[in-house]
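1. The following block contains a protein sequence and its predicted model.
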Amino acid sequence: MQIRFFKVRIPFIRPFTTSFGTEEYREAIILHMNKDGIDAFSEIVTSFLPDYGYEYNDTAINTIEKFLAKYVADAPQPHEFLDRVKGIKGHNMAKGAVEMLLWDYHSKLAGKPLDDYMGKSRGYANVGISIGMSDISEMKEQVRSAVSLGYKRIKVKIKRGRENIVSEIRDEFPDIRLSVDANGDYSYHDIPLLKELDKFELEYIEQPFRGDDLIYHSKLKKEISTPVCLDESITDPEKAEKAFEIGAVDVINIKPGRVAGLHNSIEIAKIARENNGHCWVGGMLETGIGRAFNIALASQELIDYPGDTSPNEKYFRKDIVRNPFRMKKGVIEANKGDGIGVYVDFDALFSYLVEAATISI
Ligand SMILES: [Mg+2]
């Protein structure tokens, strides 16, 4: 059996800026496996830089080639695969891509759409949007457009020193569900600054402190009334349990790639519910392939907040799937076809291709 890698580079309609920096294009890696006549796909959510976490595209490909692919030859169930690779430390995004390849394979084998195969689905995802930093008039224009399109929650990226973004947007939109994401840009000394955000009645503040922190977030939570959401800090179910136990979190942004796939994503959603917390599904600017896994997860009844799963026509002019998701009134319906239910547009994929490789297992 073979696993194929396609590295594609898709330009963004507008550059995307977070506290990490600005990206002009999405460099994505698509995985493909054919077993017993079933074509399964997934996407590695790393980027070309180790900015969101320590993993990046080359480490992910290398980890899959050297350490993970050999465990896939007999197409184990996703949780069995995770069990087999538990001796390999970290590299969750590489593991997650392989784990999701197996979810697509098994749901296609079972003849079921992924959201139904995975668990109790409501059949659709509630959709919010994440807006990158730019000058304030441009950001407001994007919020205006998102509100008119029916997005159920607006999230804006902020960083230390740019808190004015929140007051400016709140002034014009007093009633929207608004949240902010700092991608870890603040330090413990900034707690007084973060307390200032309480008056804007945000749905939550996401990841104010470093991506490996829980302790300072628990201290912050005692000081502010705004709920605290964790993204980068929650790397596996045990970390989620610890975060609730020490009072570091109210809301979890679940990204399947960050937590080694969908099995752990569901476990984390259960932990959030058991602790009276909330959760939603984040995004890593995926193509239509990675997005299909996010929509299937976000459709689960366990996921109670709108996610960052906006259709990627917001980001890319042309996707690499023939049936990209469309949003109506803040809702995206889960695909009805078997597995991820998206069909790869190979002409588009090859037009963006920068590298391809095949490994035999
Ligand atoms: Mg985030």
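-> Good, I have the coordinates.

2. need the contact list for the one residue in the chain that gets nearest to the ion.
-> Among the residues of the chain, D231 lies nearest to the ion; the distance is 3.6 Å by C-beta to the ion. Every residue, glycine included, has its C-beta placed from N, CA and C. If a contact means C-beta atoms under 8 Å, 6 or more residues apart in numbering, then D231 has D181, N183, E206, Q207, G211, I252, N253, K255, R258, G282 as its contacts.

3. Mind doing that once more with 10 Å?
-> Neighbouring residues of D231 by C-beta atoms under 10 Å, 6 or more residues apart in numbering: 52, 181-184, 206-207, 211, 251-255, 258, 282, 308.

4. Let me know the average pLDDT across the helix or strand where N264 lies.
-> N264 belongs to helix 262-274 when assigned by DSSP states H and E. Average pLDDT, helix 262-274: 98.

5. and the residue nearest to E313 when sequence neighbours are not counted, how many neighbours does it have?
-> Distances taken as C-beta to C-beta, 6 or more residues apart in numbering put P324 closest to E313, at 6.6 Å, once the chain neighbours are dropped. Using other C-beta atoms under 10 Å, P324 has 18 other residues around it.

6. which residues of the stretch 51-200 of the chain fall in helices?
-> For the stretch 51-200 of the chain, the helices defined by DSSP state H, counting those that start in this stretch cover 57-63, 78-84, 92-109, 114-118, 136-149, 164-172, 191-195.

7. Reformat those as TSV; add mean neighbour count and distance to S130.
-> Below are the helices of the stretch 51-200 of the chain laid out as TSV (neighbours: other C-beta atoms under 10 Å; distance: least, C-beta to C-beta, whole Å):
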stretch	mean neighbour count	distance to S130
helix 57-63	19	21
helix 78-84	18	27
helix 92-109	26	19
helix 114-118	23	22
helix 136-149	15	10
helix 164-172	16	13
helix 191-195	15	19
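
8. Could you export the ones you listed as TSV, including mean pLDDT?
-> Listed next are these as TSV, based on pLDDT from 0 to 100:
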stretch	mean pLDDT
helix 57-63	97
helix 78-84	98
helix 92-109	98
helix 114-118	98
helix 136-149	96
helix 164-172	96
helix 191-195	97
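
9. biggest strand in this protein, by residue count?
-> strand 2-18 (DSSP state E).

10. and this structure, which of its residues are near the ion?
-> D181, E206, D231 (C-beta under 5 Å from the ion).

11. Can you tell me which of those is nearest L82?
-> D231 (21.0 Å; C-beta to C-beta).

12. Return the per-residue confidence for that closest one.
-> 97.

13. And F325, by the same measure?
-> So F325 comes in at 92 (pLDDT).

14. Determine the number of other residues adjacent to it.
-> Other residues close to F325 by other C-beta under 10 Å number 24.

15. Now the phi/psi pair for it, please.
-> phi -70, psi 140 (degrees, to the nearest 10).

16. is it true that S145 touches K314?
-> Yes: with contact defined as C-beta atoms under 10 Å, S145 counts as touching K314 (9.4 Å).

17. Quick check: neighbours shared by those two?
-> Listed as contacting both S145 and K314 by C-beta under 10 Å, 6+ apart are I129, I131, Y151.

18. how much space between the second one and A146?
-> So the one you mean is I131. 7 Å (C-beta to C-beta, to the nearest Å).

19. rewinding a little: ok, for the residue of the chain closest to the ion, nearest residue in space, not its chain neighbours?
-> N253 (4.1 Å).

20. hang on, the earlier thing: now, which of the shared contacts of S145 and K314 sits nearest R177?
-> For the shared contacts of S145 and K314, the nearest to R177 is Y151 (8.9 Å; C-beta to C-beta).

21. pretty sure the closest one contacts G330?
-> Yes: with contact defined as C-beta under 10 Å, Y151 reaches G330; the gap is 5.5 Å.

22. Mind checking which of the residues of the chain next to the ion land in strands?
-> Counting by DSSP E, the residues of the chain next to the ion contribute D181, E206 to strands.

23. now the residues of the chain next to the ion as CSV including distance to I169?
-> Shown next, in CSV, are the residues of the chain next to the ion (distance: C-beta to C-beta, whole Å):
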residue, distance to I169
D181, 13
E206, 15
D231, 20
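
24. Isn't I165 up against K157?
-> Yes: contact status for I165 versus K157: in contact at 8.2 Å, counting by C-beta under 10 Å.
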